[in-house]
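Student: I'll drop the sequence and a predicted model, then ask my questions.
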Amino acid sequence: MSLPVRVTCDSRYELYLNGAFVGRGPVRGEPEHLGWDEYDLAENLQPGTNVLVALCHYYGRPGPWWLPAAPLGTLGRGSFCLETAPDAMVEILTDERWLTADAGRATAGARGMHSFPPEIVDGRAVPDALHDPATVTGWPPALVMSGIGHGTVLDRPPAAPYMTPLRRPIPALTRLFIEPMPLEVGVPVGVELTDGPVTTWAGLDRGDGPRVATVWDLGGISIGHVHLRVSAGPAHAGSFVDVVGGEDLRPDGLPEIAPRDWAARYVVAGRPDETVSFFDPVGLRFVAAHHPPGVAVELQFEEARYPREDGASFESDDARYDERWNVGLRTVDVCSTDAFLDCPGREQRAWVSDAYPQILVSLVTNPDRRLVRHHLALTARSRTAGGLLAAAAACDFARVGFTNPEYSLHWIRSLVAYWRYTGDESFVRGLLPVADAIIARYEQQRGSSGLLEDFPGWVFLDWAQLDRDVVTGTHDALYAAALGDYAELPGATNVADLIGRTAIAFEALWDAERGVYIDAIGRRGRSRRISQHTNGAALLAGIVPAARVAGVIERIVDPAVRGGRLVITQTAADARAAGRIPTFQFDPPDDFDAERDVVAAQPWFCRYLHEAFFRHDRRDLILASLLRWKIIPGNGTFQEFWDADPGRSSRCQGWSASPTFDLTTYILGVRPTTPGFETMALDPYLGTLGRVAGRVPTPHGWVTAAIDGATAEVDIPAGINAIVGGKAVGPGRSRVSLEGIER
């Protein structure tokens, strides 16, 4: 027996049947493409009367993961829709027979740049016995919403403004329940209660006071929903229990809630046992609740992330690399929900740029490619009229009037990576016009110099103070690299002439005296600043003449040879408090000798630096560079920058996950050599290692490899022909001598 239903909501819903959780949705998307979900209700049906409950929330204003539709009729202002399949044994439709009730939920205060306003749940106003059919008498009937246009009433999907609804393309997120460890219980705190939990927390201090706090540690950074359980008597009805969370602890042992400032409030009903699940997901490690002394609180955390099949692995005889592989994988796990997120704790936006390293990691660790495919399609639908993509998809930043142009280049390279690892020609060809439009828009910006000139928007590049001007060398080199990748796509236009034009014009940035490329050219002439960014991107693009390659690499990796330093310049973590984002990027770095010093790449841009090293057979530099990734004890994830003070940055940032891909692809050496892994290479680089092993997903099954010294043992699935250490190897188990292996 089955009872399939389709469900959607503007903005978000939680669905329950007879008190049992059914699901959440829909996935983020452009308003026209409102997502819908499918469930089978049969599992939770019971004899007699059944109760379906939908907890719905309409955000009203755009935010990090939602955009409002243009209102039409009564649609576009919040709605919920459920319908059974036409041939279902029971017909259920959302109509005037449904009943409504105030959920007892509201928000307090202004929304932040990276969040919706804090949630307030009033336990006194939550309907009693919500899932009991005997309690719903007296509730008002639901209002049927409809879009009206040209004399037609549209009250069932598809209906304007949701003209092209999309079936959910990804599985349900996990529901993994974590029992946090109490760090401190019943800590006296002094605080003056305000209308909102964020402003209340800002004035809270340890010390004698009328309230107490409990602090918990999840044991690592996670993303999901906070579940609160409260035990209090009638005397405490109306009391506040405030819950806050963050990724760091303050010096006083309480959570640092910046930069997102996540907090929520529960108003006690005065019953012996009260539970609440806060609606929106949050990323955090540490949680605290403060409340009157006579109120008992317990906490549980529900991790809600994209499910990943176990199986991928990397191990070596150096635990430092093994740990970084695992931390990078966990970083991507925690940044994977209904899209690849920049970070779980601060924004949860679906940035185009941040997804590129995550897509690479996903392709070498997860046989399920649906999230990669969905993210590429989602970001492609957030296009600007000029052909570039919005910097972040389906959110407030998709409507700010400008974009970060080079993010569209990262999208092209993400699409090419998907093509290489899957061979999914139908999907890739469907998105080829998007890539073509990006290139066409870029060519409009090619100036008389032969390079990109005065590109409008925010040319981000990296949170580092490389030079930017009329001509910005890193931007041109990234464009050439994207063109080179684009040429691999099925049906791609021949772009060899475009790459050639950039390569010729790029000579204007060459500094023969110093043997390196400068960052920029402006109206006042050539910059003197040099960076890993411009030179690394040029190496990646293949526009550095062969005779210069070794010298350029030496110059940007070890500037001390020329009396200089590799300088980590200011980042957003340094500039945020002074309100200098993004203007600080255009300032000259402090304590920097432009003649000798080199601007260092942050973890994000090391993605491109490592690809450049691989292209030029310098995997030794990749292996050494990977040890720079900092492991913060207990977090289990990589942070946004090389370093930052608590509350100034994200402790889990998807763009920093490169070590996982690099160790699998460059050190273990498993790579497709034709799209979809019809052929592959096992080309390990051990360097200082004596042994590496790993398991990598392909469309044909798992590839398993173990290299010990100069011997490789491999297990290759049917459908793949491999080159292992220069020798042809067919499917099955093989043992291959790797004499002459690189070290």
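Tutor: Good, I have the coordinates.
Student: I'd guessed Leu371 sits against Ser336; true?
Tutor: Yes: contact criterion C-beta atoms under 8 Å: Leu371 and Ser336 qualify, at 6.1 Å. Glycine gets a C-beta too; all of them are placed from N, C-alpha and C.
Student: now the common contact residues for those two.
Tutor: Residues touching both Leu371 and Ser336 (C-beta atoms under 8 Å, 6 or more residues apart in numbering) are 306, 362.
Student: for the lengthiest helix in the chain, give me every contacting residue.
Tutor: Assignment by DSSP state H gives helix 425-444 as the longest helix of the chain. For helix 425-444, contacts defined as C-beta under 8 Å, 6+ apart pick out 373, 376-377, 380, 383, 386-389, 405, 408-409, 411-412, 415, 418-419, 452, 479, 483, 486, 489-493, 495, 498, 675.
Student: helix or strand next in line after the lowest-mean-pLDDT helix or strand in the chain, which one?
Tutor: Every helix and strand of the chain was ranked by mean pLDDT, DSSP states H and E. The lowest is strand 152-154, at a mean of 68. Next helix or strand after strand 152-154 toward the C-terminus (DSSP states H and E): strand 166-167.
Student: tell me the strands beside that next one, with direction?
Tutor: Using DSSP bridges, the strands paired with strand 166-167 are strand 35-40 (parallel).
Student: give me the mean pLDDT for the partner strand.
Tutor: The pLDDT scores in strand 35-40 average 98.
Student: one more: stretch 720-732?
Tutor: Computed over stretch 720-732, the average pLDDT equals 96.
Student: ok, and what's touching it?
Tutor: Residues contacting stretch 720-732 (C-beta under 8 Å, 6+ apart): 673, 677-684, 698, 700, 703, 712, 714-719, 734, 736-739, 741.
Student: please apply the same query to stretch 662-669.
Tutor: Residues outside stretch 662-669 that contact it (C-beta under 8 Å, 6+ apart): 312, 314, 316, 321, 324-325, 360, 364-365, 610, 614, 619, 622-623, 626, 670-671, 681-687, 689, 692-694, 696, 705, 707.
Student: just the buried members of those residues?
Tutor: Buried members of those, counted by 16 or more other C-beta atoms under 10 Å: 312, 314, 316, 321, 324-325, 360, 364-365, 610, 614, 619, 622-623, 626, 670-671, 682-687, 689, 692-694, 696, 705, 707.
Student: among those, which lie within helices?
Tutor: Among those, the ones falling in helices (DSSP H) are 321, 324-325, 360, 364-365, 610, 614, 619, 622-623, 626.
Student: quick one: which of those residues is nearest Val598?
Tutor: Using C-beta to C-beta, His610 comes nearest to Val598 of those, at 16.5 Å.
Student: list the contacts of that closest one.
Tutor: By C-beta under 8 Å, 6+ apart, His610 lies in contact with 622, 625, 658, 662, 666.
Student: residues in contact with the second one?
Tutor: Spelled out, that is Ser625. Counting by C-beta under 8 Å, 6+ apart, Ser625 makes contact with 606, 609-610, 613.
Student: show the pLDDT at it.
Tutor: 99.
Student: grab the CA positions of the lengthiest strand in the chain and hand them over as PDB.
Tutor: For the chain, the strand with the greatest residue count under DSSP state E is strand 211-231. The C-alpha trace of strand 211-231 is given here as PDB (Å, rounded to 0.1, in the frame of the first residue of the first chain):
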ATOM      1  CA  ARG A 211      19.600  33.700  35.600                       C
ATOM      2  CA  VAL A 212      21.800  30.600  35.000                       C
ATOM      3  CA  ALA A 213      23.300  29.200  31.800                       C
ATOM      4  CA  THR A 214      24.300  25.800  30.500                       C
ATOM      5  CA  VAL A 215      26.900  25.400  27.800                       C
ATOM      6  CA  TRP A 216      27.200  22.400  25.500                       C
ATOM      7  CA  ASP A 217      29.700  21.200  23.000                       C
ATOM      8  CA  LEU A 218      28.600  19.100  20.000                       C
ATOM      9  CA  GLY A 219      32.100  17.700  19.700                       C
ATOM     10  CA  GLY A 220      32.600  19.200  16.200                       C
ATOM     11  CA  ILE A 221      31.000  21.700  13.900                       C
ATOM     12  CA  SER A 222      27.700  20.600  12.500                       C
ATOM     13  CA  ILE A 223      24.600  22.000  10.700                       C
ATOM     14  CA  GLY A 224      21.000  21.300  11.500                       C
ATOM     15  CA  HIS A 225      18.300  22.100  14.000                       C
ATOM     16  CA  VAL A 226      18.400  22.800  17.700                       C
ATOM     17  CA  HIS A 227      15.900  20.800  19.800                       C
ATOM     18  CA  LEU A 228      15.100  22.200  23.200                       C
ATOM     19  CA  ARG A 229      13.400  20.400  26.100                       C
ATOM     20  CA  VAL A 230      12.100  22.400  29.000                       C
ATOM     21  CA  SER A 231      10.700  21.300  32.400                       C
END
